[in-house]
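1. my questions concern the predicted model and sequence given below.
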Amino acid sequence: MVYNKEDDENNLNCNDVDGLCELHHPTPNRRSFIVVTITTLILLMGATIPTPLYGIYRNEFALSQISITLIYAAYSVGVVPTLFFFGPLGDAVGRKPLLILAVVISLIGTGIIGLAPGLEWLIIGRLAQGVGIGAVLGNATAALVELETYGNKQRASQVASMALLGGLGLGPLIAGFMAQYLSYPTLLPYILEIILLLIVLILVLTIKGASSRGDTGFHIRKPTIPKAKLSFISASLASAIVLAMSGLYFSLAPSYVQNILSTNNIAIGGIISSTMVFTSVLVQYILWDRFPIRLELFGLLSVIIGLIFILLTSTYHSFALFITGAVISGIGFGTTFMGAVNVINRISPEDKRGDVSSSFYAISYFALGIPIIGLGIAAQYTNLFSAVQYFIIVIIIITLITIPLVFKQYNDLENNASLK
């Protein structure tokens, strides 16, 4: 059947020569697509539940600022090496087994953190959570591309990015309110997460279309980089920048804001972290169909502006400036990350999509962990405001270096029909 271009182009395969389009027949995987999306959201929510609780842990276990940073960084340490193992494994055995494994490991990690009697167990629990996220990141993104009803990679990229960031935003928001207004602040948020993980585990066991592929062998190998190396490197670096920036909001922002406002309200810290993330999700919903390189460039410029506002906050101690900076940073986070994920999905070979995605996320999460450790050390030996200032200046400099690299691939992608 043939349709004019005015029809829904998201579901059409258009021929630019004759101006006509053929309708893509939908695949029967819509339910599985929704389940994978929800699973991703719930898993990432668990990863940021500790964000507003670090102050409680500090008081309860007499922890230093660097100890808090190590708890946070342990998550990244768990993610990065496992991505290189689970990415190719998902390409070999299918996405469903890896999603099941991710939920099970995350259940274990969440339980350990919820019952942790001290620093060591908090670190172990965060490591386990990181391993669970390492199993899901590349494979969930690849699964959504493979399960998207009409084979629309750009729409799948949007959903994957929104689910990931939406989960990151829900964690601190829910945990902050539960800790502030309910009893057992370091237990109840994790009980909620365990219940949700058990529900999604049951759902994942029922999905179809993400089972064993049986078309490629598995072996641990060096990170897979597609032929479009410039696009891969620039997209990974852009993602690394915004993940490093997000680490500021998820590790030290609650303490930073509480110091500015002279308040001990735990919910405020969760709201601040969530403001940045939910802004990014909203922006992704609005701008999802824009050319990915334009998204990356606009996003990186927004990151610089947002971080400048945070710098001004440390000078003038203004909550309004901090909120403004969080919103602008969220715009930068959302557009940059979505553009980068879109590029990665478009340049990845079908038989190595999980592997390439995992390499991309490994680079991003390496950048998330290492700078935050440095930030924590700086906060330990100077003060929180000075450490944040140094961190922001470094990120701005790296962003300025990255923008020309992203722009360099602009013409290549724009002129390549397979990447539009």
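-> Yep, that arrived. Numbers count the residues shown, from 1 in each chain.

2. and the helix or strand hosting residue 60, what does it pack onto?
-> If you go by DSSP states H and E, residue 60 is part of helix 54-61. Secondary-structure packing of helix 54-61 (3 or more CB pairs under 8 Å, 6 or more residues apart in numbering; DSSP states H and E): helix 65-93, helix 119-147, helix 253-261, helix 266-287. Glycine gets a C-beta too; all of them are placed from N, C-alpha and C.

3. any weak-confidence spans in the stretch 101-250 of the chain?
-> Across the stretch 101-250 of the chain, the ranges flagged by pLDDT under 70 are 151, 209-224.

4. cutoff 80 now
-> 137-138, 141, 148-155, 157-158, 161, 208-229, 247-250 (pLDDT under 80).

5. how near is residue 272 to residue 308?
-> 17 Å (CB to CB, to the nearest Å).

6. between those two, point out the one with more neighbours.
-> Neighbour count, other CB atoms under 10 Å: between residue 272 and residue 308, residue 272 has more, with 25 against 15.

7. is it correct that that one is in contact with residue 249?
-> Yes: contact criterion CB atoms under 8 Å: residue 272 and residue 249 qualify, at 7.0 Å.

8. joint contacts of these two?
-> residue 326 (CB atoms under 8 Å, 6 or more residues apart in numbering).

9. re the thing from before, can you give me the buried ones in the helix holding residue 60?
-> For helix 54-61, the neighbour count (16 or more other CB atoms under 10 Å) marks 54-55, 57-58, 61 as buried.

10. quick revisit: for residue 48, which of the helices and strands packed on helix 54-61 is the nearest?
-> helix 266-287 (7.2 Å; CB to CB).

11. mind giving me the packing neighbours of the following helix or strand past that closest one?
-> Using DSSP H and E, the helix or strand that follows helix 266-287 in sequence is helix 292-316. Applying 3+ CB pairs under 8 Å, 6+ apart, we find helix 292-316 packed against helix 229-251, helix 319-347, helix 384-408, helix 410-415.

12. got the buried residues for the longest one?
-> This points to helix 319-347. By 16+ other CB under 10 Å, the buried positions in helix 319-347 come out as 321-347.

13. pLDDT of that helix, averaged?
-> The pLDDT scores in helix 319-347 average 88.

14. relative to helix 266-287, how tilted is it?
-> 40 degrees (axes from the mean of the first three to the mean of the last three CA atoms, to 10 degrees).

15. next SSE after helix 319-347?
-> Counting by DSSP H and E, what follows helix 319-347 is helix 353-381.

16. tell me which other helices or strands that next one touches.
-> Against helix 353-381 (3+ CB pairs under 8 Å, 6+ apart) you get helix 65-93, helix 119-147, helix 229-251, helix 319-347, helix 384-408.
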